[in-house]
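In: got a sequence here, can you model it:
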Amino acid sequence: MRPETVFAGEDFFPHAQPWDVVFDVLWVSHSEFWLVAGDEPGADIVSAIPDGDSVKGNGEAIGIPTLASAGHVAVALSVWEESAPDGNGTLLGTSRIVAPGRELALVAVEGREPGPVLVLPDEGEHRVRVWRRPTRGVGGPECYDVRVWP
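Out: Below you'll find the model as predicted:
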């Protein structure tokens, strides 16, 4: 499944544009996936396992809960130069992540082939807010909107 087909024709950012955005489709199990600093697995994801339907962060990883226990999820991961505008859907929460190398990546429980890496304009601590968006079409993957800013 190609990310561009899931998000085709959808206007994620109707009022302002992010500094950069990447799209990805992940296979998740155990009802969760993570946003981690760096482009390789290795962050402490165990202490960032989400509680219920809320994100949970530990500074180097943010656990994001999914509704499905196994299946594909589509994610839009964007970085903003100032406070990110609100997204649509169900707000799952806000957390912080420290990116010493300016890179953020999405990671599933089983690991996977390297996906797109979001390169931040600056290293250091960033705020992250996550929304679960309504699924587009019957049988489509769950959709997530992850916004990052200094």
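
In: who does the host helix or strand of V130 pair up with?
Out: Secondary structure assignment for V130, by DSSP states H and E: strand 124-133. In the sheet containing strand 124-133, the strands it pairs with under DSSP bridges are strand 90-99 (antiparallel), strand 142-149 (antiparallel).

In: give the buried residues for that strand.
Out: For strand 124-133, the neighbour count (16 or more other C-beta atoms under 10 Å) marks H126, R127, V128, R129, V130, W131, R132, R133 as buried. In short, each C-beta sits where N, CA and C put it, glycine included.

In: can you get me a residue count around the residue nearest to the fourth one when sequence neighbours are not counted?
Out: By that I understand R129. Sequence neighbours aside, T94 is the residue nearest to R129 in space, at 4.7 Å (criterion: C-beta to C-beta, 6 or more residues apart in numbering). Using other C-beta atoms under 10 Å, T94 has 14 neighbouring residues.

In: also D86?
Out: For D86, the count of nearby residues is 12 (other C-beta under 10 Å).

In: and the gap between it and L104?
Out: When distance is defined by C-beta to C-beta, to the nearest Å, D86 is 20 Å away from L104.

In: any chance of the buried residues of strand 124-133 in TSV with pLDDT and distance to E81 as columns?
Out: Putting the buried residues of strand 124-133 into TSV (pLDDT from 0 to 100; distance: C-beta to C-beta, whole Å) gives the following:
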residue	pLDDT	distance to E81
H126	97	11
R127	98	13
V128	98	15
R129	98	15
V130	98	19
W131	96	20
R132	95	25
R133	87	23
